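K.L.:
dropping the sequence and predicted coords here.
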Amino acid sequence: MGNLDDLTQRQRLMRTQRTAISETFFSWGYDEVYVPIVSQYETLQNRSCLPDSAVYKLLDGDGGIRMLRPDMTASVAWQAAVQWSDVPRPLRVCYFGEVFRRTQSGGGVASIAQAGVELIGTGSPESDAEVVALSADALRAAGLCSFQINLGHNGLLSEIADELDMQSCASDSMRDALVRKDFVAARDIVKASGHSALSEGLMHILTPDNAAEPMQILSEIGGSLPGLRQLQAVFEALRDFNLTDRVHIDISLAGDFSYYTGVIFDIYHARCGMRLGGGGRYDDLLAAFGSRNEATGFALDLASVCRSASGACRVDNAAPLWLVAGDEGCRPKMTRRCEQLRKNGCRAVVKTICGMDTDELAQWADCRGYDYLEVVRPGSDSAQIPLSGRSGEDDTGG
Amino acid sequence: MTPAGEFCTLALPKGRLLSPSLRVLESSLDICIESLRLADRQLSVLDDENGLRHLLVKPSDVVTYVSEGAADLGIVGKDTLMEETGSVYELYDLGFGRCHVTVAAERELVESYPDPSVLYRSRGMVLRVATKYPRIARKHFDSYDLPTQIIPLSGSVELAPAAGLADIIVDLVATGRTLAANGLVEVERVAEVTARLIANPVSLKVDRRIGALLQPLSRKVLSGKGDNLC
């Protein structure tokens, strides 16, 4: 059926993956919560830290400004701080839904289907490791085997810059360069900071050739930096989950959202390099809503997960689709037959024959994606005809 | 990213950057480019000896090939890298293809307003900027905080002021001869441009062969010879 078949196949795959991911979240103790699609602009916008131009704003009847949720974490954090302040911590919640962001060109709105979790009320390295490991488990449940996790720390670059006595503008420039993955500019800034063991080690990390192990180099030259100690602790905690072979240290990692305060991570498909999601620690976000709580979490981009899994994930085979056809006078019999088929787990549609013979009906049904045709005649047995791709298969029609 | 056991893929820019790119592959990365020299109109060239596959693509598409994982490494001008969106690692300044992105205007205008910020504000309500680099131009003029209309063009940008299409242009300049021939002079430089070696983020992390390929370059940089590898 061409394009429609591709679309429905993709939709079935996304549903299968969503179910698998949801069951994984649930099995780790995360309960699903509802995140409002529309929220108060003043309450949340300053917290998501997306550029204002990326937020889709609406005017309500009273002239107040509302927005379509541009990310889930700020909304969940607000709910946790205000609505669930009495719920004992740690709080483990998950969500599914779209976030909406204005596109850079043309003023359109992109909707991004996400699945994610938030772990609120704990600041231990083990909790960071838990969400990283859960993201890996969810991706495996969704049928992905080839993915890698880049682990970094949102504050580490600033700490390194302070250690190198960089001016704040040089520190900002180095961070900007590394966020852009521009190692050429970053090396120029480090070189200009003068010669030291730290700058030399940093040059090795910023001159990638796979021979350099960032964690080892950093441990040798900057072991006292708090951000590095946190990164090491999470990396060690990930050993419990047998995940260290999938995890790569990336000091250039800086979160999309400035609410991140600690260890952050990005997940990539290891064969095509596509970003599948990411997350990290945001210990100050709930305090902005009046409730001091440490927190961490992640979100997966379900469309990317679906594209990456194509061919790797087993889609639940759809139940066979029957076309039950007959003359107008046979409608009660056709209707009862359809009920019986549906009870047996099949899908069934009634069609009144309008002067078509059986061959014409079969052709009509075949090109519309039906798996079986059953022609109902008054006072005689029905004729069952398998259509394309079903010939010779044992039926479930009963 | 190419799966283990298959070819590593390099996206090379067709056009003016191709010849110097091949020279760098040979001199700095120790890659024999005989197969590329022998290729006629092929856009995909296999190099069995080095385990490489070369893709010859439009310069503006190099970033897309690398960021989407269709190529592990690529060579691209810094101007293209600034203009295109895509998650790639910018690893090395290869030093060739040196030019710059500049703002230019008609000579009389620049002589009347030598200060760029005064010149930009002298054009009435909205400054009209013609360019092949709308993203770079937008970012540059955002810093001046003045109303700007970016007019995207795909070529012959130098024509825009004389034709009344724009007040100024943002374009790539190597010698400045085309600007001069069209009565334009530079107002201010926006960015210096050279060719860069870029990598897919995942290839760089997980494919050991990429690391081996890059080692001659990293040795040069770490030995203090700098990034300019030509």
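P.N.:
All right, it came through fine. Numbers count the residues shown, from 1 in each chain, chains lettered A, B, ... in the order given.
K.L.:
drop to CA atoms for contacts and neighbour counts, all remaining ones
P.N.:
Fine.
K.L.:
any idea which helix or strand carries the nearest residue to B:Cys32 once chain neighbours are set aside?
P.N.:
Spatial nearest neighbour of B:Cys32, chain neighbours left out: B:Glu26 (5.7 Å); criterion: Cα to Cα, 6 or more residues apart in numbering or on different chains. The secondary structure element spanning B:Glu26 is helix B:18-27 (assigned by DSSP states H and E).
K.L.:
let me see the mean pLDDT of the helix or strand following that helix.
P.N.:
Tracing the chain past helix B:18-27, the next element assigned as helix or strand by DSSP H and E is helix B:34-38. This predicted structure assigns helix B:34-38 an average pLDDT of 75.
K.L.:
for helix B:34-38, list the C-alpha coordinates in CSV.
P.N.:
Only the C-alpha atoms of helix B:34-38 are listed here, as CSV (Å, rounded to 0.1, in the frame of the first residue of the first chain):
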residue,chain,number,x,y,z
GLU,B,34,46.0,7.6,-6.4
SER,B,35,42.5,6.2,-6.6
LEU,B,36,41.0,9.7,-6.4
ARG,B,37,43.4,10.9,-9.1
LEU,B,38,42.3,8.1,-11.3
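K.L.:
show me what the residue nearest to the spatial centre of chain A is bridged to.
P.N.:
What sits nearest the mean C-alpha location of chain A, by Cα atoms, centre = their mean, is A:Leu300, with 1.5 Å. Taking DSSP bridges as the rule, A:Leu300 bridges to A:Ala115, A:Gly277.
K.L.:
okay, now the domains of chain B?
P.N.:
With automatic domain parsing serving as the domain definition, the record reports that chain B contains domains spanning B:8-97+B:194-225, B:99-193.
K.L.:
report the longest strand in chain B, please.
P.N.:
Taking residue count as the measure and DSSP state E as the definition, the longest strand of chain B comes out as strand B:184-193.
K.L.:
any part of the helix or strand encompassing B:Val202 near chain A?
P.N.:
Assessed by DSSP H and E, B:Val202 sits inside helix B:201-206. Yes - on the criterion Cα under 8 Å from any Cα of the partner chain, helix B:201-206 is in touch with chain A at B:Pro201, B:Val202, B:Ser203, B:Leu204, B:Lys205, B:Val206.
K.L.:
so the residue nearest to B:Cys32 touches B:Leu36, yeah?
P.N.:
No - between B:Glu26 and B:Leu36 there is no contact under Cα atoms under 8 Å: 11.2 Å.
K.L.:
one step back: could you pull up the mean pLDDT of the following helix or strand past the longest strand of chain B?
P.N.:
For strand B:184-193, the succeeding helix or strand toward the C-terminus, using DSSP H and E, is strand B:195-199. Per-residue confidence for strand B:195-199 averages out to 94 on the pLDDT scale.
K.L.:
close to chain A, is strand B:195-199?
P.N.:
No - judged by Cα under 8 Å from any Cα, strand B:195-199 stays clear of chain A, getting no closer than 8.8 Å.
K.L.:
ok now that strand, how far from the chain's centre?
P.N.:
Its chain's C-alpha centre lies 9 Å from the corresponding centre of strand B:195-199 when counted by Cα atoms, centre = their mean, to the nearest Å.
K.L.:
what is it packed up against?
P.N.:
Using 3 or more Cα pairs under 8 Å, 6 or more residues apart in numbering or on different chains; DSSP states H and E, the elements in contact with strand B:195-199 are helix B:62-67, strand B:73-77, strand B:89-93.
K.L.:
ranking these by burial, who's on top?
P.N.:
Between the helices and strands packed on strand B:195-199, the one whose residues have the most neighbours on average, counting mean count of other Cα atoms under 10 Å in any protein chain shown, is strand B:73-77 (a mean of 28).
K.L.:
sheet partners, orientation included, of it?
P.N.:
Strand pairing (DSSP bridges) places strand B:73-77 next to strand B:8-13 (parallel), strand B:195-199 (antiparallel).
K.L.:
what parts of chain B come near chain A?
P.N.:
Residues of chain B found near chain A, taking Cα under 8 Å from any Cα as the criterion, are B:1-3, B:67-70, B:87-93, B:200-206, B:208, B:210-215, B:218, B:221-222, B:227.
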